[in-house]
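Novice: When you get a sec, could you give me coordinates for this:
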Amino acid sequence: MKKIYTIIATVAVLFLTSCKDYLDINHSPNAPEESQATMDMALPAAEMALADRYGDVLRILGGYFSEQYAHFFGTSNYVTYSQFKVATTSTNGAYSDLNRAAIGNATFVRNKAVEQEIWGSYLAATVIRVFSYQVLVDAYGETPYTEAQLGLENLNPKFDDGKDIYAGLIAELDEALAKVTSESMPVATNMLYPGEGAGPWIRFANALKLKLLMRERAVVNVDAQLKALVAEDKFPTADVAYTCFVENASGKANPFYQEEFASYFGSTQKNVALNVALYRAMEAFGDPRLSAFFSANSNKQYWGSISGYNMSVSNKYKEAMFCRPKVNYDDPVYLISLSEIYFLLSEYYSKVDKDAAKAKAYYEAAIEASFESADISGASDVIEACPFDGTDKTLGIQKWIALSGINNFEAWCEMRRLGYPTFGGKKAEDVYSFGSDNMDPSVLEPGDLYTPYQVNSEVGANKLVQRFPYANSSVLYNSNCPAEKPLTDKVFWAK
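Specialist: Numbering: from 1, shown residues only. Predicted coordinates:
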């Protein structure tokens, strides 16, 4: 995968004149020493490192592992992703950038904010740091945390258990929130809420805390914390997303767009297509978000491909037959959408506060918010086709669909946690006849997954990839890196 941004760990030189200039960080001609760096430099660098990797490589892998995406006609390594194969080198860049640039810069800002007692900046940096660590836990299961970010003091930090890291992250959020006594407290230069005070960062922190608590709830008793958080009711009222990608140019456009649709780097490869599993569900439910999330094929129709097979060798299904994600250079990178928040609240009222009316209301609000983000009408038809029933199956499938156009990594996470969508016992060969080039999505029930063609034998039939292998940089250079775990070994909150 192409590396879009080069961000110096701990500090970054940024031109502080306009939003698009922050994104143009492909070079650093005069990188300052740490003592010269400022929070105004480091916080945007942390944000863009997160947006880059979360909005590109993690989105793509999440899309393949959740069967929202299938392979198109691009590079061969994407075929292996759709076969549920991922190597230690596949996510090495993402792992390094999240640690060094996102968490490293955010930690630097936190330390500077303590020195200067600027608690709005402290909260913002804490949120970026916590979000980045959450992504690492959800992807790898274990990662350095208590001994991380010590530089030369410890080049071989131990790997902490995901459950312990989550506890530490929630404590970090609570401590930072307690320090912010006013929503008008100033925040250092940042990309998410430029020119605003601490108010929106408070709401983002609460939404992040809600996700963390709901994600670990099956294995940790956090109901009292959840009740207090929901009672406070200080959540975002709009999608939390980076909207600062404003120019169709290298380093200034949406990272997924740069990876898949731009030719800034001299490449015209095409890798990602609509998966037949997602197509089947959206088509069966008459979901108009299909046209919002994916482009029609050359026949102005919608059609999905299968996981694990390069359809370019097919006699019938040539390039023009399949639908590609609809992504523009100025599309946001979503950190947490309003729809996600409402789905979490629906689940909360189903399982914790046991209020069926509120659970139903938030479920429907989640679907409506997804339609609003997609700028399309028709939510009521989907709600009628998939009415609230309080089950993880209905909620999980609808969450999977809602996230398919904006945040595929989180879709993969929630599938592992909720258990839906799940496998219906079919395999790629049941959906696609290799001898006759016949594709029959109707063999799948709406919301069913299927075993990819030539699926990774380590994963096997009717199983999800549950984690990434530890990154190669840790395997090779950290003597405390644990022995590799199977890709089917669940992270702590999914057990």
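Novice: which outside residues touch stretch 390-398?
Specialist: 281, 343, 346-347, 350, 356, 359-360, 363, 366-367, 382, 386-388, 414-415, 418-421, 446-447 (Cβ atoms under 8 Å, 6 or more residues apart in numbering). Where you see a C-beta, it was placed from the backbone N, CA and C, and this is true even at glycine.
Novice: same question, stretch 279-295
Specialist: 274, 302-304, 323-326, 370-371, 374-378, 381-382, 385-386, 397, 400-402, 404-405, 421, 441-442, 444, 446-448.
Novice: one more time with 6 Å
Specialist: Applying Cβ atoms under 6 Å, 6 or more residues apart in numbering, the contact partners of stretch 279-295 are 274, 302, 304, 323-326, 374, 376, 378, 381-382, 385-386, 404-405, 441, 444, 446-447.
Novice: Filter these down to the buried ones.
Specialist: Buried members of the contacts of stretch 279-295, scored by 16 or more other Cβ atoms under 10 Å, are 274, 302, 304, 323-326, 374, 376, 378, 382, 386, 404-405, 441, 444, 446-447.
Novice: Strands - which of those land there?
Specialist: Leu274 (DSSP state E).
Novice: Strands - which of the contacts of stretch 390-398 land there?
Specialist: Using DSSP E, none of the contacts of stretch 390-398 sit in strands.
Novice: Just the buried residues out of the residues you listed, in ChimeraX syntax.
Specialist: Only the buried entries of the contacts of stretch 390-398 go into this ChimeraX selection, using 16+ other Cβ under 10 Å:
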select :281,343,346,347,350,359,360,363,366,367,382,386,388,414,415,418,420,421,446,447
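Novice: What ranges in the stretch 151-300 of the chain fall below the confidence cut-off?
Specialist: Scanning the stretch 151-300 of the chain for pLDDT under 70 picks out 266-268.
Novice: let's go with 50 and repeat that
Specialist: Judged against pLDDT under 50, the stretch 151-300 of the chain has no low-scoring part.
Novice: which ones are touching Ser96?
Specialist: Taking Cβ under 6 Å, 6+ apart, one finds Ser473 in contact with Ser96.
Novice: Look at it and give its secondary structure.
Specialist: When classified by DSSP: H, G, I helix; E, B strand; the rest coil, Ser96 comes out as helix.
Novice: State the distance from it to Tyr78.
Specialist: 21 Å (Cβ to Cβ, to the nearest Å).
Novice: go on, Ala356?
Specialist: Here Ala356 is placed at a distance of 43 Å from Tyr78 (Cβ to Cβ).
Novice: for Gly63, same thing?
Specialist: Taken as Cβ to Cβ, the span from Gly63 to Tyr78 is 10 Å.
Novice: Between those two, which has more neighbouring residues?
Specialist: Set Gly63 next to Tyr78 and count neighbours by other Cβ atoms under 10 Å: Gly63 wins out with 27 against 24.
Novice: Now do the contacts for the more buried one.
Specialist: Here Gly63 is in contact with 69, 408 (Cβ under 6 Å, 6+ apart).
Novice: hmm, try it at 10 Å
Specialist: 69-70, 81-82, 256, 272, 274-275, 278, 325, 403-404, 407-409, 411-412 (Cβ atoms under 10 Å, 6 or more residues apart in numbering).
Novice: can you confirm Ala70 is in a helix?
Specialist: No. Under three-state DSSP, Ala70 sits outside any helix and is assigned strand.
Novice: burial of it, as a residue count?
Specialist: That count, for Ala70 with other Cβ under 10 Å as the rule, works out to 31.
Novice: for it, what are its contacts?
Specialist: Contacts of Ala70 (Cβ under 10 Å, 6+ apart): 63-64, 78-79, 81-82, 271-279, 304-309, 311, 322, 428, 452-453.
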